[in-house]
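**Q** Predicted coordinates and the sequence they were generated for:
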Protein chains: 2
Amino acid sequence: MDGGAAPRGRRLDAGARREQILEAAVACIAERGFGATTRELAQRAGVTQALLYQYFESKQALAEAVYERIYLGRLDPRWMREIRDRAVPVEKRLEAFYRRYTAAIFTYEWMRIFMWAGLAGEGLNRRYLGTVEARLLRPLAEEIAADGRFGAPELEAMWALHGSLVYIGIRRFIYDLPTPEDPGPAVAAGVRRFLDGLRAEARRARRRELR
Amino acid sequence: MDGGAAPRGRRLDAGARREQILEAAVACIAERGFGATTRELAQRAGVTQALLYQYFESKQALAEAVYERIYLGRLDPRWMREIRDRAVPVEKRLEAFYRRYTAAIFTYEWMRIFMWAGLAGEGLNRRYLGTVEARLLRPLAEEIAADGRFGAPELEAMWALHGSLVYIGIRRFIYDLPTPEDPGPAVAAGVRRFLDGLRAEARRARRRELR
DNA sequence: GCGCTTGTTGATCGTTTGATCAACGAAGGG
DNA sequence: CCCTTCGTTGATCAAACGATCAACAAGCGC
């Protein structure tokens, strides 16, 4: 329950203490949102409420540090490279990417803090999902189009795939509903269904054109 | 911005006033969540903070009234009947249902209050989505299976379809991202892709069986 | 015009909140 | 051993919070 360290009151070097507080704040804000009180945060970190202000200017500043901690470097640059690797069939690339992506974001902390931030109206979500669209969905759509068998999917179709997979995490961590413990197979099935759907649509379009 | 009625201080009969307060609370809680203060709620309703307690026992009670107001009767029983109407092709039924369903829930108030409730850990979401599964997704899966062309989709596949469509509303009302003003075409396309995906999978399964 | 009912208010209570500050005490150098 | 450094605390503040209550005033029967 506590940060895992240091009996209360024990001296710690500044870096470690700051880290401990931040970690506790992540857990606490994931659970209760920005409405969590500074006293709750302090208790979870195992320090006094006053000490928070030694390391963070205000509650707002601490919350922003939590946001940064959660999102900074969440999008692995390797993913973007692997998406473009045409030595691998596009269906394998799509499945591999979404297996990794969902594995990365399907955590209690990430899912919930992201949702809290969305409702609170922080710009964070818009920025993050803007990057997702530009760096992930758009390249994926281009790679799928380049294959030839699937037509050229619109971005809205890519968002539909994205949503169908992310929604597994929403069911689990936001609504507390039962979901497959390992989302891997569901992700693979979703990707397959998506590509099959694209292919069928592309076939129909080609047939219409021939007539 | 105000409930639309009565200059401040004017007398109103109890029913209308209660309605006015509830309406304002819906708008306010959708925007700010349960953290909205009673003074905000009162201001939006155009009454004094003290008056809230004439009509609701506590802030908690008011919030629960908001939850009920939003969810009670949201699931139109006609939908469940139309889902079973085998005089209509199942793909038409699926599309028609999701057009109506999304039209019903894609409102600022519904989407956001549902999400706030999920994060707050109210049982509401579990109950509601349990009903969705039992009364909508399961029947839909059965109807799709009865058609014969699409195989028998697992519930997890139905949730994937559901998620891909609901996610449009999440993007719009939670993350404040641009989405098609009319989600209708995106819904229709999503349903079509889903069924095409099922059919391709079913074909593969049949072929495997023949070998 | 009077009195009664009832919807409404301003003032106020006790508590909780984010934030501040003087004082304490463990560690390390000389 | 003392002195300086610096991480930490308990006490405390002003503001904001949910909730209460006596007092007010609009409408209505008579």
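**A** All right, it came through fine.
**Q** Now look at whatever helix or strand A:E156 lives in and say if it contacts chain B.
**A** Using DSSP states H and E, A:E156 falls within helix A:155-173. Yes: if you take C-beta under 8 Å from any C-beta of the partner chain as the test, helix A:155-173 does meet chain B, through A:156-157, A:159-168, A:170-171. Bear in mind the C-beta positions are built from the backbone N, C-alpha and C, glycine included.
**Q** Neighbour count, distance to DNA strand D and pLDDT added to the residues you listed, as CSV?
**A** Converted to CSV, the residues of helix A:155-173 next to chain B look like this (neighbours: other C-beta atoms under 10 Å in any protein chain shown; distance: C-beta to the nearest atom of the strand, whole Å; pLDDT from 0 to 100):
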residue, neighbour count, distance to DNA strand D, pLDDT
A:E156, 16, 40, 98
A:A157, 24, 43, 98
A:W159, 23, 37, 99
A:A160, 27, 39, 99
A:L161, 27, 41, 99
A:H162, 24, 37, 99
A:G163, 22, 34, 99
A:S164, 28, 37, 99
A:L165, 25, 37, 99
A:V166, 23, 32, 99
A:Y167, 24, 32, 99
A:I168, 22, 34, 99
A:I170, 23, 28, 98
A:R171, 19, 30, 98
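**Q** Closest to DNA strand C out of these?
**A** A:I170 (26.6 Å; C-beta to the nearest atom of the strand).
**Q** my guess is the closest one meets A:M111, correct?
**A** Yes: shown here, A:I170 and A:M111 form a contact pair, counting by C-beta atoms under 8 Å, at 6.9 Å.
**Q** Tell me which residues touch the nearest residue to A:Y167 once chain neighbours are set aside, please.
**A** Of all residues not flanking A:Y167 in the chain, B:G163 sits nearest, at 2.6 Å (C-beta to C-beta, 6 or more residues apart in numbering or on different chains). B:G163 sits next to A:163-168, A:170-171 when contact means C-beta atoms under 8 Å, 6 or more residues apart in numbering or on different chains.
**Q** Contacts for stretch A:201-210, please.
**A** With C-beta under 8 Å, 6+ apart as the criterion, stretch A:201-210 contacts A:149-151, B:192-193, B:196.
**Q** I should have written stretch A:70-88 there, sorry.
**A** Stretch A:70-88 has contacts (C-beta under 8 Å, 6+ apart) with A:26, A:93, A:96-97, A:100-101, A:104-105, A:109-110, A:113-114, A:124, A:128, A:131-132, A:135-136, A:139-140, A:143, A:146.
**Q** So for it, mean pLDDT?
**A** Mean pLDDT, computed over stretch A:70-88, is 96.
**Q** Return the distance of it from the chain's centre.
**A** Here stretch A:70-88 is found 13 Å from its chain centre; the criterion is C-alpha atoms, centre = their mean, to the nearest Å.
**Q** CA atoms only for it, dumped as CSV, please.
**A** Included here for stretch A:70-88 are C-alpha records, laid out as CSV according to Å, rounded to 0.1, in the frame of the first residue of the first chain:
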residue,chain,number,x,y,z
ILE,A,70,2.5,8.5,-17.3
TYR,A,71,2.7,9.7,-20.9
LEU,A,72,6.2,10.6,-21.6
GLY,A,73,7.9,8.0,-23.7
ARG,A,74,4.8,5.8,-23.8
LEU,A,75,4.9,5.7,-27.6
ASP,A,76,8.0,3.5,-28.4
PRO,A,77,9.7,4.8,-31.5
ARG,A,78,10.6,1.2,-32.5
TRP,A,79,6.9,0.6,-33.1
MET,A,80,6.9,3.3,-35.8
ARG,A,81,9.9,1.7,-37.5
GLU,A,82,8.4,-1.8,-37.4
ILE,A,83,5.2,-0.6,-38.9
ARG,A,84,7.1,0.5,-42.0
ASP,A,85,9.1,-2.8,-42.3
ARG,A,86,7.8,-4.2,-45.6
ALA,A,87,9.9,-7.3,-45.2
VAL,A,88,7.1,-8.4,-42.9
